[in-house]
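Asks: Curious how this folds, go ahead:
(one chain, ligands or ions: 1)
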Amino acid sequence: MSDTLQRFMFDSSPVRGELVEISDAWQQVQARRTYPAPVATVLGEMMSAAALLSANLKFNGAIIMQIHGDGPVQLLVVECDSSLRLRATAKLAQDAVIADDASLHDLVNLHGHGRFAITLDPADKLPGQQAYQGIVSLDGDSVATVIENYMLRSEQLDTRLWLAADNKVTRGLLLQKLPHEGGTPSPQADNDRWDHVVMLASTLGKEEMLSTDIMTLLNRLYWEEQVRVFEPRKPSFHCGCSREKVGNMLKMLGREEIESALADLGELDIDCDFCGQKYAFDAVDCAQLFTTDMLADAVQPPGRQQH
Ligand SMILES: [Zn+2]
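Replies: Coordinates of the predicted model:
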């Protein structure tokens with residue numbers, strides 16, 4: 001079993017589908033930090049979902065999926081770029097107590113203030129261009145329903161998701177109804193076909209998804225349908241953090257803030273939340289951040305963005 005994303009189409013239904021299974025990359029996320037089982041389940045399901053949406057969007061850039069929680073889990077983040085390179089992390093509240101059977105609601109929506117956000121961050125931003133972010137209240141009792149509700153509101157497309165994760169593997173299935181075109185008999189016939197493929201997928205249980213590879217799942221669900229599969233793609237773990245990016249983040253905090261932190265701590269130690277890489281900035285490094293900035297401002301023509 002290796003990390004795979006498989007797109008497919010039905011010959012006689014205006015529906016596109018994708019299946020994903022992520023094991024290696026998911027192990028790499030968990031090797032860096034251990035999470036209580038219910039948190040790992042949510043984060044794993046978000047990984048599959050981010051890969052499925054990223055492959056479905058045909059967008060050159062990273063998709064960042066976040067749940068801002070108001071319970072024992074404060075934040076869950078998964079990023080996936082156009083090459084299906086993923087990273088993920090979760091932040092728990094201090095002294096968080098998490099029961100083995102905690103639900104999504106228990107974890108992130110205890111007081112009804114949980115938020116779900118999707119950010120589309122273009123790979124080659126033009127100067128001044130911002131990432132697009134959609135943020136909604138947490139509507140649904142599973143990661144899959146939260147995303148389905150989000151998609152229905154933002155894209156007005158019927159999208160259904162089935163997700164499952166344990167500490168070994170995460171798998172997901174996405175079905176999306178395509179707009180009616182002349183090739184099929186009628187919108188009503190489209191709806192019937194859509195209902196049919198969704199009904200078959202709805203027989204999938206979490207246990208079955210966790211124990212069965214995606215090609216077997218595809219055959220088991222749709223053996224009576226004419227299904228066309230595309231070239232499989234490979235999701236992988238990748239963290240794009242760098243000393244330069246951490247330096248830029250420190251610069252954004254401003255010189256005064258940095259100098260006061262240095263006075264307290266002597267050195268700033270920043271750990272990447274996603275991969276655990278450590279970055280140390282002493283007084284000399286920090287001073288350099290602001291000098292190079294001044295130099296760059298002096299040398300660069302106005303209007304050029306520096307990354
Ligand atoms: Zn990193």
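
Asks: wait, what's in contact with the residue in the stretch 51-200 of the chain that the ion sits nearest to?
Replies: Ranked by C-beta to the ion, the top residue of the stretch 51-200 of the chain for proximity to the ion is Arg87, at 7.0 Å. Placement of C-beta: from N, CA and C, glycine included. By C-beta atoms under 8 Å, 6 or more residues apart in numbering, the contact list for Arg87 reads 29, 78-79, 237-240, 274-275.

Asks: let's see 6 Å
Replies: Going by C-beta atoms under 6 Å, 6 or more residues apart in numbering, Arg87 touches 79, 239, 274.

Asks: go on, Gly247?
Replies: Gly247 neighbours (C-beta under 6 Å, 6+ apart): Leu289.

Asks: ok, 8 Å please
Replies: So Gly247 contacts 281, 285, 289 (C-beta under 8 Å, 6+ apart).

Asks: Could you pull out the buried residues of the helix or strand containing it?
Replies: Secondary structure from DSSP states H and E places Gly247 in helix 243-253. In terms of neighbour count (16 or more other C-beta atoms under 10 Å), helix 243-253 has its buried residues at 246-247, 250.

Asks: if we can go back for a sec, measure how buried the nearest residue in space to the residue of the stretch 51-200 of the chain closest to the ion that is not next to it in sequence is and give me the count.
Replies: Nearest in space to Arg87, with sequence neighbours left out and distances taken as C-beta to C-beta, 6 or more residues apart in numbering, is Phe274 at 4.2 Å. The local packing of Phe274 (other C-beta atoms under 10 Å) involves 21 other residues.

Asks: Ok, Ala283 next?
Replies: When neighbours are counted by other C-beta under 10 Å, Ala283 registers 14.

Asks: Excluding covalently adjacent residues, which one is nearest to it?
Replies: Closest residue to Ala283 apart from its sequence neighbours, by C-beta to C-beta, 6+ apart: Leu262 at 5.5 Å.

Asks: how close does the one you found get to Asp273?
Replies: 22 Å (C-beta to C-beta, to the nearest Å).

Asks: Just the residues contacting the helix or strand harbouring Ala164, thanks.
Replies: Using DSSP H and E, Ala164 maps to strand 159-165. Contacting residues not belonging to strand 159-165 are listed as 26, 40-45, 47-49, 52, 142-144, 147-148, 151-152, 170-177, 198, 201-202, 204, 206, 209-210 [C-beta under 8 Å, 6+ apart].

Asks: in its sheet, what does whatever helix or strand Val15 lives in sit against?
Replies: Element membership of Val15 [criterion: DSSP H and E] is strand 13-22. Partner strands for strand 13-22, per DSSP bridges, with pairing direction: strand 4-10 (antiparallel), strand 170-177 (antiparallel).

Asks: So which elements touch the very next helix or strand once past that strand?
Replies: Later in the chain than strand 13-22, the nearest helix or strand by DSSP H and E is helix 24-32. On a contact count with 3 or more C-beta pairs under 8 Å, 6 or more residues apart in numbering; DSSP states H and E, helix 24-32 meets helix 37-57, strand 85-92, strand 236-237.

Asks: Average pLDDT for the next helix or strand after the second one, rounded please.
Replies: Counting by DSSP H and E, the next helix or strand C-terminal to strand 85-92 is helix 104-108. What helix 104-108 shows for mean pLDDT is 96.

Asks: Kindly report the same for stretch 141-148.
Replies: Stretch 141-148 comes out at a mean pLDDT of 95.

Asks: How about stretch 63-71?
Replies: Per-residue pLDDT over stretch 63-71 has a mean of 96.

Asks: and for it, what are the contacting residues?
Replies: In contact with stretch 63-71 (C-beta under 8 Å, 6+ apart) are residues 42, 46, 49-50, 53-54, 57, 73-81, 93, 106-121, 131, 138, 146.

Asks: Distance from the chain centre to that stretch, please.
Replies: Centroid separation for stretch 63-71 versus its chain: 10 Å, with C-alpha atoms, centre = their mean, to the nearest Å.

Asks: got the CA coordinates for that stretch in CSV?
Replies: Provided in CSV are the C-alpha atoms of stretch 63-71 (Å, rounded to 0.1, in the frame of the first residue of the first chain):
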residue,chain,number,x,y,z
ILE,A,63,-5.1,24.9,0.0
ILE,A,64,-5.1,25.4,3.7
MET,A,65,-7.9,23.9,5.7
GLN,A,66,-8.4,25.0,9.3
ILE,A,67,-10.7,24.3,12.2
HIS,A,68,-10.5,26.9,14.9
GLY,A,69,-11.9,25.2,18.0
ASP,A,70,-13.4,26.5,21.2
GLY,A,71,-12.9,23.3,23.2
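
Asks: now Cys272, nearest residue through space, not along the chain?
Replies: Using C-beta to C-beta, 6+ apart, the nearest residue to Cys272 is Cys241, at 4.3 Å.
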